[in-house]
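Asks: Need the 3D shape of this:
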Amino acid sequence: MLTLLLQNEISGLQVLHEDQWFDVHPIRGGLVVNIGDLLQIMSNDKLKSVKHRVTANHVGPRISVPCFFSGHVSILDKSVGPIKELTSEANRPRYEGVLLREYLARFLSSSLDNKPPIDYYKL
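Replies: From the prediction side, this is the model:
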């Protein structure tokens with residue numbers, strides 16, 4: 001749902017905007033928060049997920065420590081969709097509900113070059 005990055009002086013983070021990759025210039029001690037697809041779905045596009053990647057460079061050692069946290073295995077059978085309070089006649093749901101298990105399987109089998117997993121659930 002979220003990616004948190006505590007920055008140092010080593011660059012490499014890029015974000016995709018209008019089909020072009022842009023460097024995110026690091027600010028030592030800065031905290032970068034990337035919203036994930038599931039929060040975009042739940043917020044009905046009020047929060048936006050950003051496709052991002054990290055490129056290698058020769059400046060110094062880059063250390064990435066991904067940590068994945070999940071709840072009890074039973075949440076995998078829960079449906080994730082737009083929160084009802086964020087939808088209305090004027091702001092219709094933009095996504096169908098999806099089982100967390102199904103979304104995670106699609107996410108883990110995708111690559112940066114393929115259709116983003118979130119696109120499969122757009123209405």
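
Asks: now the strands for the chain?
Replies: 2-6, 13-17, 20-23, 31-35, 52-54, 79-80, 98-99 (DSSP state E).

Asks: Any figure for the gap between the spatially most central residue of the chain and Val59?
Replies: In the chain, the residue lying closest to the centroid (CA atoms, centre = their mean) is Gly36, at 2.4 Å. Distance, Gly36 to Val59, using CB to CB, to the nearest Å: 28 Å. Every residue, glycine included, has its C-beta placed from N, CA and C.

Asks: How about Thr3?
Replies: Taken as CB to CB, the span from Thr3 to Val59 is 22 Å.

Asks: So which of the two has more stuff around it?
Replies: Thr3 (13 against 10; other CB atoms under 10 Å).

Asks: Quick check: the more buried one touching Leu39?
Replies: No. Applying CB atoms under 8 Å as the test, Thr3 and Leu39 come out as separate, 10.8 Å apart.

Asks: Extract the residue ranges of this protein that are flagged as low pLDDT.
Replies: 67-70, 112-113 (pLDDT under 70).
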